[in-house]
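Student: Quick one: sequence and predicted model below, then my questions.
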Amino acid sequence: MADLLSSLLKEIYQLPLIGNFIYKLIVDYPIGGWVFLFIVSILGINKWTISHTGINVLQNVPLIIKKNREYQNDRRRNVFYKDSSTKDYINWLNGVLKTLYDEYKLLRLFGKEYPVVTHDSVKRIRYPFKKNLTDTTKVVNTNIPDFNPDKGQKQYIKVMGNTIKWPEVIGFALDKFHLNDEGKMTGFTAKTCQYKHNVATSHILEYEMYKLYLKNKKKMGMQEAGELLESLPYRCKIHEANEQTNIMTTGCNRYSLMSVQMLVVYYDDFIKDYKALTFHRSDKVAIKPNYWQFIPAGGFEIFEKSSTTNPYIIEQNFDVELALFRELIEEAFDGRDFEYNRSGEEVNNLVRNHKDIVQIKKWIKSNKAHLEFMGIVTDMVSLRPELSFLLVIDTPEFQEIKLKINDEGQDYQAVKVNDLPAMLSGELLYPSSAGLLKLAMQSQLFKERELLQHS
């Protein structure tokens, strides 16, 4: 074998023009020379293969490299999802959050702790929202911010892969929500962003926590908040010169996309009791798959093409009712993606005139159903606020509507409301859903129907 290699090298060295160059390269720079020779050999073999068989062996190498990178990122994401769903991680995370936000208590529900903060509305605002809710909300900035992600943010976006479906879609991030002296919300203002801004400044916060957990999880109990923040650069940037109240009630140093979520409770004539709509989050979502969630829930985004930047159109889409009904259509009625307006129809026609939405409005008008705004639930991990609503449908006619979830869920269930503690025992409940249910339990609508009043 050695003799064969030596003989081959002699022939290469005797090649006209390049033989002497290869000889000097190997002698003076052995590693670089052999790498160069290897590459030239591969290219030579590939050229011979093309001329004799017509097959270009190297043609698919870039695609193979790309697929391998995607596979590695998918693998990292799936490991992250799995590890961050474990009891050990959740307990560790809750402990860290208690240290970072010691002015707030984690929410307790059915004997468990959830990392969310709830702020009740100063009054429960009943539908229609046009007057009472719209007059206390405002978008203060319609300019699309620049997007210049750093190395860590780019890496996180790659890891999340195709779970980030519409990065350019415009939505409304929290600017500030206002509280009265009792800590109840009286209104809020918002600023414009795109979904990718939310991914890079809010969603990334849990991945950052997870990486810290992997690095030195056993040391966390000994650290103070300041020490923790030194190991959490993206969260540290948010905390910079801000008190805990500002972090929880403003969108300081980040773009936390606001969301809408609604607990839908309806009367089942067969069991003579009320049920709630839930599904198990699939791995198609960017945050917390494998958690149970009350539906609908989703980003407060505009219902237009992602290229829409007109300030007037953006302001017209600053409509909580529109976003809420769109999510209800998307996740419960049609089972298809309403992330943006594909058809080009006028927004009001497409969403507000949907047959099932029209029917629900009729029930509300005739007092067969009730829809109210309850307050805001803020996730302590991602620091994203969710506008929270309750829809109670007293008429059994709701059962005639055919329900169909989208790909964000994988197991739709209508669960008897008073059985939720038993159903969720041993299961993972999406933290914002826990806050939503807690607000509902305090509502007059639940109290009048004796729903979860002894839990």
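Tutor: Ah, there it is. Numbering: from 1, shown residues only.
Student: going forward, measure contacts between C-alpha atoms and count neighbours the same way
Tutor: Noted.
Student: Excluding chain neighbours, what is closest to residue 324?
Tutor: residue 260 (6.1 Å; CA to CA, 6 or more residues apart in numbering).
Student: Check which element follows the helix or strand containing the one you found along the chain.
Tutor: For residue 260, the enclosing helix or strand under DSSP states H and E is strand 259-268. Using DSSP H and E, the helix or strand that follows strand 259-268 in sequence is strand 273-281.
Student: Now do that next one against strand 259-268, angle only.
Tutor: With axes from the mean of the first three to the mean of the last three CA atoms, to 10 degrees applied, the angle from strand 273-281 to strand 259-268 works out at 140 degrees.
Student: Mind listing what's buried along strand 273-281?
Tutor: Residues of strand 273-281 classed as buried: 274, 275, 276, 277, 278, 279, 280, 281 (neighbour count, 16 or more other CA atoms under 10 Å).
Student: For the fourth one, give me its contacts.
Tutor: Under the criterion of CA atoms under 8 Å, 6 or more residues apart in numbering, the contact partners of residue 277 comprise 263, 264, 265, 294, 295, 412, 413, 414, 415.
Student: of those, buried ones?
Tutor: The neighbour-count criterion (16+ other CA under 10 Å) marks 263, 264, 265, 294, 295, 412, 414, 415 among these as buried.
Student: which one is the fourth one nearest to, not counting chain neighbours?
Tutor: What it means is residue 294. Of all residues not flanking residue 294 in the chain, residue 278 sits nearest, at 4.4 Å (CA to CA, 6+ apart).
Student: Is it correct that the one you found is in contact with residue 295?
Tutor: Yes. If you go by CA atoms under 8 Å, residue 278 and residue 295 touch, sitting 5.6 Å apart.
Student: Identify the bridge partners of residue 409.
Tutor: Beta-bridge pairing for residue 409 (DSSP bridges): residue 281.
Student: What separation do you get for it and residue 216?
Tutor: 33 Å (CA to CA, to the nearest Å).
Student: same deal with residue 179?
Tutor: From residue 179 to residue 216 the distance is 38 Å (CA to CA).
Student: Please apply the same query to residue 208.
Tutor: 13 Å.
Student: per-domain residue ranges of the protein.
Tutor: Here the domain parsing of the chain from automatic domain parsing is 2-55, 72-448.
Student: any chance of those in CSV, with distance to residue 454 too?
Tutor: Output for those, formatted as CSV (distance: least, CA to CA, whole Å):
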stretch, distance to residue 454
domain 2-55, 73
domain 72-448, 9
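Student: any chance of those domains in JSON lines, with distance to residue 455 and mean pLDDT too?
Tutor: Shown next, in JSON lines, are those (distance: least, CA to CA, whole Å; pLDDT from 0 to 100):
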{"stretch": "domain 2-55", "distance to residue 455": "70", "mean pLDDT": "67"}
{"stretch": "domain 72-448", "distance to residue 455": "7", "mean pLDDT": "91"}
